[in-house]
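below: sequence and its predicted model.
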Amino acid sequence: MHAQAVSQVMRSRRSVRAFRPGQVPRELVEEILGDAACAPSGANIQPWGVHVLAGAAKDELGEALVAAFRADAGLPPAHFPQPLPEVFQARLMDFGARYYGAAGIDRTDAAARARQTERNFSFFGAPVGLIFSIDRRLKPHSWIDLGLFAQNVMIAAKARGLDTCPQVAFAPFHELIAAHLQMPPEQLTAFGMSMGYGDTDAPVNQARMPRERVQDFADLIGF
């Protein structure tokens, strides 16, 4: 294994929000999930679940979610506490400026922002949509395991020329999703993900999100 090649795949992965129309073969998706399943988990309980949707199945769920979002477009983001600590709020505001700026949306244009947010629920036009779930009875460390699995999905996809976008926007619509996908009652929707071939010409995909320096978030001791 060449560290440079692995590093290149990881550093080239970005959240893509506009996709080309080409389909993704089922066999390729299965390869990606097979690689992702090598993720570690506490005591190897492998707590992840995923529904992978394409074609009419994806479109039907997307249409139901768009309708639900339109019925309550003021739905607050359930994934952040309010108020958000200042350091995270600053990064959130920076993200919004870069993201909506790349999409050509003024920060004061609430209607345009809502329309862009709505595109989450049609998986940004990607040919494959994924819904990640976990047993609600598990504790937070098992949610970390689910995150490791999802990261593996994104890296394995990127290594094969596919782009992804993880989307926590799906989480508040768990009841609708669970009914649509016939999830057992113990399963909880954690987030969704779009997957396909990114449209490199789309303005929204030109946004570049900065990362903190290692010395700003890591405390290396004893070196």
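Arrived safely.

please point out which parts of the longest helix anywhere in the chain sit buried.
Ordering each helix of the chain by length in residues (DSSP state H) puts helix 140-159 first. With burial defined by 16 or more other C-beta atoms under 10 Å, the residues of helix 140-159 counted as buried are 142, 145-150, 152-159. All C-beta atoms are positioned from the backbone trio N, CA, C, and that covers glycine.

residue 199 reaches residue 205, doesn't it?
Yes - with contacts counted by C-beta atoms under 8 Å, residue 199 reaches residue 205, the gap being 6.4 Å.

same drill for these two, tell me which one is more crowded.
Between residue 199 and residue 205, residue 205 has the larger neighbour count (other C-beta atoms under 10 Å), namely 21 against 18.

separation between that one and residue 152?
23 Å (C-beta to C-beta, to the nearest Å).

one more: residue 209?
For residue 209, the distance to residue 152 equals 21 Å [C-beta to C-beta].

same check, this time on residue 48
Counting by C-beta to C-beta - residue 48 and residue 152 are separated by 10 Å.

run the chain-centre distance for stretch 8-23.
12 Å (C-alpha atoms, centre = their mean, to the nearest Å).

intersection of neighbour lists for residue 48 and residue 152?
The contact sets of residue 48 and residue 152 overlap at residue 39 (C-beta atoms under 8 Å, 6 or more residues apart in numbering).

low-confidence ranges in this protein?
1, 73-78 (pLDDT under 70).

could you find the closest non-adjacent residue to the residue nearest the centre of the chain?
What sits nearest the mean C-alpha location of the chain, by C-alpha atoms, centre = their mean, is residue 166, with 0.7 Å. Here the nearest residue to residue 166 in space, its sequence neighbours aside, is residue 193; by C-beta to C-beta, 6 or more residues apart in numbering that works out to 5.0 Å.

repeat that for residue 89.
residue 83 (7.3 Å).

for the one you found, grab phi and psi.
The phi/psi pair for residue 83 (degrees, to the nearest 10) reads phi -80, psi 150.

run a quick neighbour tally on it.
Residue 83: 8 neighbours (other C-beta under 10 Å).

my read is that it contacts residue 92, right?
No - look at residue 83 against residue 92 with C-beta under 8 Å: they stay out of range, at 11.2 Å.
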